[in-house]
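# need the 3D shape of this:
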Amino acid sequence: MPTIGDYLELNAGQAVNQWRAILRRTPRPGARQEDFTPVETLLCLAASLVFNHRRYRGSTAHLAEEPIPTLARLFRRPNGSLIAKMGNLDGGLTHGARYEVYVASTLLSDPGRLDASYRLILQAGREAGIEPDELPDFLGLEGGDELHLLGQEELTQSDLEVAVQEKVATWSRKAPDLPERVTERLLMASVRVGQHRFARDVLGNHGHRCAFCGLGVKTRGRAAQRMLVASHIKPWRVSTSAERLDPQNGVAACPTHDVAFDTGLLAVDQELGIHVRADLQEAIKADPAARSSFGRPPLSERLLLPEGAQTPGTHYLDWHFVNVYRQV
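Down below sits the predicted model:
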């Protein structure tokens, strides 16, 4: 039985040996699966940053998107096994091992430590002879970037605390043996990871460009990430749990147009037309600096979306129009 140290203190030699053991596996249909190694479990945890396992059940596991199918082939396991392991890690399954929840809460609360663990496992895989097509860098860190959770600037500490307290009682009944501090830390991490996946989905859907002016930054690293924001249309603090994670409740914007939209200087109607508040229109006429940001151009007449992109939900746009744009 693995210990917490086998996960949190995994070293390169151990990881290489685990990869070699995984590569020696032969699928045995109908037979009991081998226990997950720390390498497999930690990669499932890392995959939670880009894959929402809660969207899938046993009957739909075969529909899971990447990186689950590729990892499942590498592990010689069905998709459903990886999805179930992710449920163990986030405490969603009552039979999940207690130490796995502790490992998950520790690493998700410390992105730098999760970054180091992921890089070690990836490098060990390469040393074991596993190529990128078999073991993809699904977090995009091999090029030199650091792990950075997106969208965190939208969450205030008070918002996080309220969201956690809303769920603590339910989780305590589900897993009464978990210390309260572990439960709270895991729930806090769960909120942050959900926000990261939301921001990632919104930015990807918008082609990593501002939907108001088209600004897109091609450089790598955190500086480029901060040039675009995935903003909720209906604010996070007044949204339901489902609305907080819904990409249709999001719009990608540069910092200037993000603030203008959030504060009601801009709005978007059901036909995706962009509205500018009257007092800002007056400022545009008188002030060249205002005109350089809110004149047309650079401000588009309609929301800019790539071909095939999912459009924002009209009920979210309506909510913003009535409760933010009209109320300022």
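
# and the next helix or strand past the lowest-mean-pLDDT helix or strand in the chain?
Ranking every helix and strand in the chain by mean pLDDT, DSSP states H and E puts helix 222-225 at the bottom, with a mean of 56. The first helix or strand that comes after helix 222-225 along the chain, using DSSP states H and E, is strand 229-232.

# contact partners of the next helix or strand after that next one?
Downstream of strand 229-232, the first helix or strand assigned by DSSP H and E is helix 241-245. Counting by C-beta atoms under 8 Å, 6 or more residues apart in numbering, helix 241-245 makes contact with Asn52, Gly194, Gln195, Arg197, Phe198, His232, Lys234, Trp236, Asn249, Tyr316, all of which sit outside it. The way it works is simple: take the backbone N, C-alpha and C, and place the C-beta from them, glycine included.

# where does the second one fall, secondary structure wise?
Element membership for Gly194, per DSSP H and E: helix 180-205.

# which positions in that helix come out as buried?
182-203, 205 (16 or more other C-beta atoms under 10 Å).

# hang on, Ala252 in a strand?
Yes: under DSSP: H, G, I helix; E, B strand; the rest coil, Ala252 sits within a strand.

# how many neighbours does it have?
Counted with other C-beta atoms under 10 Å, the neighbours of Ala252 add up to 28.

# these two touch, right, it and His208?
Yes: if you go by C-beta atoms under 8 Å, Ala252 and His208 touch, sitting 7.2 Å apart.

# overlap of the contact sets of those two?
Leu228.

# ok, the residue nearest to the spatial centre of the chain to Trp319 distance?
Nearest residue to the geometric centre of the chain (C-alpha atoms, centre = their mean): Arg197, 1.8 Å. According to C-beta to C-beta, to the nearest Å, Arg197 stands 22 Å off from Trp319.

# per-residue confidence at the nearest residue to His62 once chain neighbours are set aside?
Sequence neighbours aside, Asn79 is the residue nearest to His62 in space, at 6.0 Å (criterion: C-beta to C-beta, 6 or more residues apart in numbering). For Asn79, the model assigns a pLDDT of 95.

# going along the chain, name the strands of the stretch 51-200 of the chain.
Using DSSP state E, counting those that start in this stretch, the stretch 51-200 of the chain contains no strands.

# okay, now the unreliable bits of it?
92-98, 169-179 (pLDDT under 70).

# try 90
For the stretch 51-200 of the chain, the stretches flagged by pLDDT under 90 are 54-59, 87-102, 105, 109, 142-146, 148-149, 151-191.

# per-domain residue ranges of the protein.
Here the domain assignment for the chain is 4-127, 198-325, based on automatic domain parsing.

# looking at those, which is closest to Lys167?
Lys167 lies closest to domain 198-325 among those, at 8.8 Å (C-beta to C-beta).

# first vs last residue of that closest one, how far apart are they?
Taking C-alpha to C-alpha, to the nearest Å, the first and last residues of domain 198-325 lie 23 Å apart.

# again, but for stretch 278-292
End to end - C-alpha to C-alpha - stretch 278-292 spans 17 Å.

# which parts of it are buried?
Leu280, Ala283, Ile284.

# and the next element down the chain from whichever strand or helix holds the last one?
With the criterion set as DSSP H and E, the secondary-structure element containing Ile284 is helix 278-286. Toward the C-terminal end, the helix or strand that comes next after helix 278-286 (DSSP H and E) is helix 288-294.

# just checking, what packs against that following helix?
Applying 3 or more C-beta pairs under 8 Å, 6 or more residues apart in numbering; DSSP states H and E, one finds that helix 288-294 contacts helix 255-262, helix 278-286.

# give the rounded mean pLDDT of the first one.
Averaging pLDDT along helix 255-262 yields 96.

# any residues touching it, and which ones?
By C-beta under 8 Å, 6+ apart, helix 255-262 touches 210, 212-213, 226-227, 229, 231, 235, 251, 253, 266-268, 280, 293-294, 299, 320, 324.

# thinking again about what came up before, how far is the helix holding Gly194 from where the chain is centred?
Mean-position distance between helix 180-205 and its chain equals 6 Å (C-alpha atoms, centre = their mean, to the nearest Å).

# repeat that for stretch 297-311.
How far stretch 297-311 lies from its chain's middle: 23 Å, per C-alpha atoms, centre = their mean.

# can I get the CA coordinates of it in PDB?
What follows is stretch 297-311, C-alpha atoms only, in PDB (Å, rounded to 0.1, in the frame of the first residue of the first chain):
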ATOM      1  CA  PRO A 297     -12.000  51.100 -34.200                       C
ATOM      2  CA  PRO A 298     -10.400  49.700 -32.100                       C
ATOM      3  CA  LEU A 299     -13.700  48.800 -30.400                       C
ATOM      4  CA  SER A 300     -15.700  46.500 -32.700                       C
ATOM      5  CA  GLU A 301     -19.400  47.000 -33.600                       C
ATOM      6  CA  ARG A 302     -20.100  43.300 -32.700                       C
ATOM      7  CA  LEU A 303     -18.400  40.800 -30.500                       C
ATOM      8  CA  LEU A 304     -15.500  39.200 -32.300                       C
ATOM      9  CA  LEU A 305     -15.700  35.400 -32.300                       C
ATOM     10  CA  PRO A 306     -13.800  32.800 -34.300                       C
ATOM     11  CA  GLU A 307     -15.700  30.800 -36.800                       C
ATOM     12  CA  GLY A 308     -17.400  27.900 -35.100                       C
ATOM     13  CA  ALA A 309     -17.000  29.400 -31.600                       C
ATOM     14  CA  GLN A 310     -19.700  28.900 -29.000                       C
ATOM     15  CA  THR A 311     -21.600  32.200 -28.500                       C
END
